[in-house]
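Enquirer: What follows is a predicted protein model with its sequence.
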Amino acid sequence: MSRGGDLSERVLVLAPTGRDAAIAAAILGEAKAPTRICAGLAELLDEMRAGAGMAVLVEEALRDSDLSGLSHWIDGQPSWSDFPFLVLTHRGGSVERNPMAKRLSVTLGNVGFLERPFHPTTLVSAVRTALRGRHRQYEARERIEEIRRAEALLERRVADRTAELEAANRQLAAQIAERERAESALRQAQRLEAVGQLTSGVAHDFNNLLTVVMGNVEQMKKGETDPRVIRRLDMMSEASARGARLTAQMLAFSRRQKLEPRAVDLNETVRSMGDMLQSAIGGSVRIEPPQLDPDLWPAMIDPTQIELVILNLAINARDAMAVGESLLIRTENVTTGEPKRPEEPPAGDHVVVSVTDTGSGMTAEVLARVFEPFFTTKEVGKGSGLGLSQVFGLAKQSGGGVSIDTEVGRGTTIRVFLPRAGSAPRREDAASHELLTASEAGLVVLVVDDDDAVREVTAGFLTDLGYEVVEAGSGGAALDQLDRHPRIDAMLLDFAMPGMNGADLARELRMRCPTAPILFATGYVDAEALTDVSEGLIVHKPFTQAELARKLSRSLAGAAAG
């Protein structure tokens, strides 16, 4: 007698009275069909659950029985299964004239009827036919399982290839939806790129204007003794400096710049951003006095980028709060263990700057996607969805990480982990504003800038420092001036000029004056454009006379030493 199981082909026989069960079992045994005799309907159900090929039932065993359990089992069969039944009826009990047979047809579904007495060959033939059908069902189940296994393998491969989107799906419809989402993100990125290009152009022109303003203010302050005039000039200078910082923030978004990490005092960074944060956030929420660790380690980070990170986090916090709620910035030293999530920092010493709000908090669904590029819960036009993805990208690129503690209705704390620097922050002290005049008389500097006002301010700075200045408003004019002035000791070139830009002009000038150092004055330029130029040869607009003097003096000293 075969055992039950997923592929069982045994025949279950239910004939609790008389000799029908024994006769049927004997006939089927001679036909090599494994048989199990059941004493009652409950045992039949247990054996069907254990696994069987079919069931042979006598009509009277079902006539007065509660068939609800049997009907429930039949209705609950998997899609591949249609369990066969063979009901033995009395002679003359055809389906057409037997109400019980009609009831059993509805209840059992896949059922055949055999009148008694029957010939053994007829019983064997009916059983074998039913078992062949059951075998086909087993084969169908195996094919279905193979298809499901193949589908599962395919879904895993799709999930691996789309892991960067963290939204892999296992159905074709979801893949189409994901593609539409990616296309939408691409269109958004193209719009942002256009905004970035516009921003960079505006920043370039704005930096030229600030160079003129700051330069003239600096010149006007020389020799001025009236305290009221000096105070007003100082106010103009400070306003120009704030404008320069604002432009730097604009450029941090619009340009594809490489990171320039160095040791930074995050406490000083947070203090210096007070006015900027208040201006950006407005008066709808309260900015609490920052909680700054007095023994904070120096952090290794690009100082401009960390300001952008703090500003992004503060603006996001403001948008999550109602009027009158509060925001807190905190710094601390932390030593972390091995990360448990991808966004967490590696093990080691880290400097943490965190922003805490008392706003709406995040749901688990939002938290799971919060670092995805272009994901945002804000209304259309209210946010790009790049803020937290930029925070995450900068932290990981710098060797740190991010963590988020949030609770719906209770607020959010976002902590940015930055690697501990091995040296103290380098401070720009008063000595950096010392005016370094020309080291000798007669040194000639070629100044090339297409903006007349900027060129005039620059020339005025250099003349006051003791240099002789040759001016040119374009690349072609600069080459003409070089033909007229055989001695050129240094060159200061505006990088972004129409026609021949600073890079093209520098190549021409190096062939004619290979020993003269070349400095670039720039209000905006992609990082890739000046990859091979050291920071000491780049003068960022707007610049002060002291900064220009220092970089020019060092470049001339380096050229003389070389």
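Expert: Structure's in. What do you need?

Enquirer: any weak-confidence spans in the stretch 451-562 of the chain?
Expert: 524-531, 561-562 (pLDDT under 70).

Enquirer: what are the ranges of the strands in the stretch 301-450 of the chain?
Expert: 326-336, 348-357, 401-407, 411-419, 444-448 (DSSP state E, counting those that start in this stretch).

Enquirer: what's the closest of these to F206?
Expert: With C-beta to C-beta, the closest approach to F206 among the strands of the stretch 301-450 of the chain belongs to strand 444-448: 20.6 Å. Using the backbone N, CA and C atoms, a C-beta is placed for each residue, glycine as well.

Enquirer: Can you work out which other helices and strands pack against the closest one?
Expert: helix 452-464, strand 468-472, helix 475-484, strand 490-494, helix 502-512 (3 or more C-beta pairs under 8 Å, 6 or more residues apart in numbering; DSSP states H and E).

Enquirer: Recalculate using a threshold of 10 Å.
Expert: helix 452-464, strand 468-472, helix 475-484, strand 490-494, helix 502-512, strand 518-522 (3 or more C-beta pairs under 10 Å, 6 or more residues apart in numbering; DSSP states H and E).

Enquirer: which stretch among the ones you listed comes nearest G274?
Expert: Nearest of those (C-beta to C-beta): strand 518-522, 29.0 Å.

Enquirer: quick check: angle from the closest one to helix 502-512?
Expert: 170 degrees (axes from the mean of the first three to the mean of the last three C-alpha atoms, to 10 degrees).

Enquirer: and strand 518-522, what does it pack onto?
Expert: Packed next to strand 518-522, using 3+ C-beta pairs under 10 Å, 6+ apart, are helix 172-221, strand 444-448, helix 452-464, strand 490-494, helix 502-512, strand 538-540, helix 545-561.

Enquirer: ends of stretch 331-340, how far apart?
Expert: Criterion C-alpha to C-alpha, to the nearest Å; first-to-last residue distance in stretch 331-340 is 22 Å.

Enquirer: Buried residues of it, list them for me.
Expert: T331, E332, V334, T336 (16 or more other C-beta atoms under 10 Å).

Enquirer: What of stretch 103-110?
Expert: By neighbour count on 16+ other C-beta under 10 Å, the buried set for stretch 103-110 is L104, S105, T107, L108, N110.

Enquirer: Turn those residues into a markdown table, columns for distance to W80, pLDDT and secondary structure.
Expert: Formatted as a markdown table, the buried residues of stretch 103-110 follow (distance: C-beta to C-beta, whole Å; pLDDT from 0 to 100; DSSP: H, G, I helix; E, B strand; the rest coil):
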| residue | distance to W80 | pLDDT | secondary structure |
| --- | --- | --- | --- |
| L104 | 23 | 82 | helix |
| S105 | 22 | 83 | helix |
| T107 | 21 | 85 | helix |
| L108 | 18 | 87 | helix |
| N110 | 13 | 88 | coil |
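
Enquirer: wait, which of those residues is closest to V457?
Expert: N110 (96.2 Å).

Enquirer: Touching, the closest one and G133? I think so.
Expert: Yes - if you go by C-beta atoms under 10 Å, N110 and G133 touch, sitting 7.8 Å apart.

Enquirer: who touches both of those two?
Expert: Shared contacts of N110 and G133, defined by C-beta atoms under 10 Å, 6 or more residues apart in numbering, comprise M54, D82, F83, P84.

Enquirer: And the nearest residue to H350 once chain neighbours are set aside, how far from V309?
Expert: Once flanking residues are discounted, H350 sits nearest to F417: 4.2 Å by C-beta to C-beta, 6 or more residues apart in numbering. Here F417 is placed at a distance of 12 Å from V309 (C-beta to C-beta, to the nearest Å).

Enquirer: Overlap of the contact sets of those two?
Expert: Here F417 and V309 have V353, A395, S398, V402 as joint contacts, going by C-beta under 10 Å, 6+ apart.

Enquirer: What count of nearby residues applies to the closest residue to the third one other than its chain neighbours?
Expert: Closest residue to S398 in three dimensions, ignoring its sequence neighbours and counting by C-beta to C-beta, 6+ apart: I301, at 5.4 Å. I301 is flanked by 29 other residues according to other C-beta atoms under 10 Å.

Enquirer: show me what contacts I301?
Expert: 259-264, 266, 269, 307, 309, 351, 353, 394-395, 398-400, 416, 418-419, 421.

Enquirer: Save the shared contacts of N110 and G133 as JSON lines, and put in secondary structure and distance to L14 too.
Expert: Putting the shared contacts of N110 and G133 into JSON lines (DSSP: H, G, I helix; E, B strand; the rest coil; distance: C-beta to C-beta, whole Å) gives the following:
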{"residue": "M54", "secondary structure": "strand", "distance to L14": "12"}
{"residue": "D82", "secondary structure": "coil", "distance to L14": "19"}
{"residue": "F83", "secondary structure": "coil", "distance to L14": "14"}
{"residue": "P84", "secondary structure": "coil", "distance to L14": "14"}
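
Enquirer: returning to what we had before: quick one: which of the strands of the stretch 301-450 of the chain is nearest L123?
Expert: Closest to L123 of those, according to C-beta to C-beta: strand 401-407, at 70.5 Å.

Enquirer: Pull out the buried positions in that closest one.
Expert: For strand 401-407, by 16+ other C-beta under 10 Å, it's G401, V402, S403, T406.

Enquirer: and V13, which of the strands of the stretch 301-450 of the chain is closest to it?
Expert: strand 401-407 (63.4 Å).

Enquirer: what lines up beside the closest one in the sheet?
Expert: Here strand 401-407 is paired, per DSSP bridges, with strand 411-419 (antiparallel).

Enquirer: starting at the chain centroid, how far to the strand it pairs with?
Expert: Distance, stretch centre to chain centre, for strand 411-419: 16 Å (C-alpha atoms, centre = their mean, to the nearest Å).
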